[in-house]
Each structure stands twice: as structure tokens, then as C-alpha cells.
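Q: below is the sequence, then the predicted model.
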Amino acid sequence: MNEKSFNMIDCGVGGQGVVLMANIVGDACIRAGLMVISGELHGLSQRSGSVIAHQRIGEHAVSPLVPYGEGDVILALEPMEALRYLYFLKPGGVVITNTNVIHPPIETQMLARKEIEGYITYAQIIDRIKEGGARIYEIDALDLARRAGNAQTENVVLVGALAASPSFPVEKVHMLEAVKANVPPKAVDVNVKAFELGYGALKGNR
């Protein structure tokens with residue numbers, strides 16, 4: 001953290017909770033005494049569109065946008081969105097991705113018109129991400145969210161996974177405090193469980 005900022009991209013599809021995911025990370029940085037700058041692009045977030053947030057952590061962060069090829073981590077709630085924004089990742093950077101694919105309406109339209117032979121598969125997406133040289137962690141966030149007690153906590157599952165990433169500069173305790181502060185009071189317990197399940201899933205695969 002002394003020489004450069006820690007750069008990350010949060011991404012997913014509208015409705016998955018990308019903004020909350022970014023807010024938790026930003027709050028955790030503040031609690032840890034780290035400078036953080038964030039920038040969001042919601043896109044067609046109400047129509048299954050792409051949603052992305054840039055976050056730069058550390059005293060050398062001077063703008064909210066991650067330069068191409070300088071991202072340390074892509075945190076993706078949807079794997080095609082991880083692939084879409086792979087150009088932000090530095091060589092050898094980390095991709096933490098949900099395993100559940102949400103096919104965009106345009107892909108369904110192309111399939112109906114027989115312009116393509118079938119939907120892209122999860123395996124094909126992962127192969128393309130690996131071709132870019134990324135280190136990848138695959139998290140079935142939907143399954144873990146359901147185990148936590150609420151399928152809508154996929155984003156917090158991934159926040160937990162991020163906290164377990166060796167290169168991430170914010171301690172787990174600050175991330176957990178931020179989770180508790182940014183979710184509704186009645187949902188704290190289920191979100192804490194989701195966080196812990198995500199943390200354990202990545203830590204067990206490091």
C-alpha cells in the first residue's frame with residue numbers, strides 16, 4: 001500500500017446488489033483508516049444491464065477510475081460480467097466470481113433468431129478468463145446464500161470471499177463491521193452468516 005493503490009472492480013447484473021457490495025467495501029476501508037475512492041456506473045440496471053463500480057484503496061489513489069490493466073481484483077456477481085471487464089485486470093490479477101450465469105436478453109434474442117447455436121456455457125466463460133492469465137476463485141454464491149437463509153445475500157457471500165483473499169488490504173473484522181452497518185437491522189444475522197460462508201469458501205481454496 002506504500003507504492004500504489006489497491007485497485008478493484010465490482011461488477012454484476014442489475015438487481016444483484018453490486019452497489020451494496022461496493023458500499024460495504026468502502027465503509028470497511030474507512031473503518032480501517034484507509035483512503036478509498038469509488039465510482040459507479042449503473043447502466044441499464046433495471047433491465048438486466050451491466051453494473052460496475054471502480055474502487056481504489058490507499059493514499060496513492062488519485063481518481064475513482066481503475067486504469068486499464070491495473071486492477072488487482074475483479075469481484076463479480078455474474079461470470080460474464082467478469083469476462084466483460086477483464087481488460088481492467090493486471091497480469092496475474094485475481095478474479096473472484098459467482099458461478100451462476102445470467103444470460104442477457106440479447107443472447108436469448110440471438111438464439112431465437114438462430115444467429116447463435118446455443119447459450120455460452122459457464123465453462124467457456126471460465127476458459128476465456130483463464131486465457132487472460134487471471135488467478136480465479138469460483139464461488140457458488142447462490143448456494144451459499146441459500147444456506148445462509150436468504151438467496152438475496154449473494155453479494156455479501158462474495159464480500160466475505162474478498163475478505164479472505166490474500167492480497168486484499170482490509171482486515172476481516174472491518175469488513176464484518178461494515179456488513180453489519182450496511183444491511184437492514186433485521187437482516188444482520190443472515191448476512192453475517194453469508195459473509196462467513198463466503199470467507200470460508202475462498203480461504204479453503206487458497
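A: Happy to help now that I have it.
Q: in the helix or strand bottoming out on mean pLDDT in the chain, what's buried?
A: Lowest on mean pLDDT, DSSP states H and E among the helices and strands of the chain sits helix 105-112, with a mean of 77. Neighbour counts over helix 105-112 (16 or more other CB atoms under 10 Å) mark residue 107 as buried. From N, CA and C alone the C-beta is placed, and that goes for glycine too.
Q: for that helix, the distance to its chain's centre please.
A: A distance of 25 Å separates the centroid of the chain from that of helix 105-112, by CA atoms, centre = their mean, to the nearest Å.
Q: how near is the residue positioned nearest the centre of the chain to residue 131?
A: Geometric centre of the chain, nearest residue: residue 75, 2.3 Å, by CA atoms, centre = their mean. The spacing between residue 75 and residue 131, counted by CB to CB, to the nearest Å, is 20 Å.
Q: doesn't the residue nearest to the centre of the chain fall inside a strand?
A: Yes. Assigned with DSSP: H, G, I helix; E, B strand; the rest coil, residue 75 falls within a strand.
Q: can you give me the first-to-last residue distance of stretch 157-173?
A: By CA to CA, to the nearest Å, the extent of stretch 157-173 from end to end equals 15 Å.
Q: with stretch 12-25 instead?
A: Stretch 12-25: ends 15 Å apart by CA to CA.
Q: so what's the residue nearest to the centre of the chain up against?
A: Neighbour list for residue 75: 8, 9, 10, 11, 21, 96, 158, 159, 161, 162 [criterion: CB atoms under 8 Å, 6 or more residues apart in numbering].
Q: now what about stretch 108-119, what contacts it?
A: Stretch 108-119 has contacts (CB under 8 Å, 6+ apart) with 101, 103, 107.
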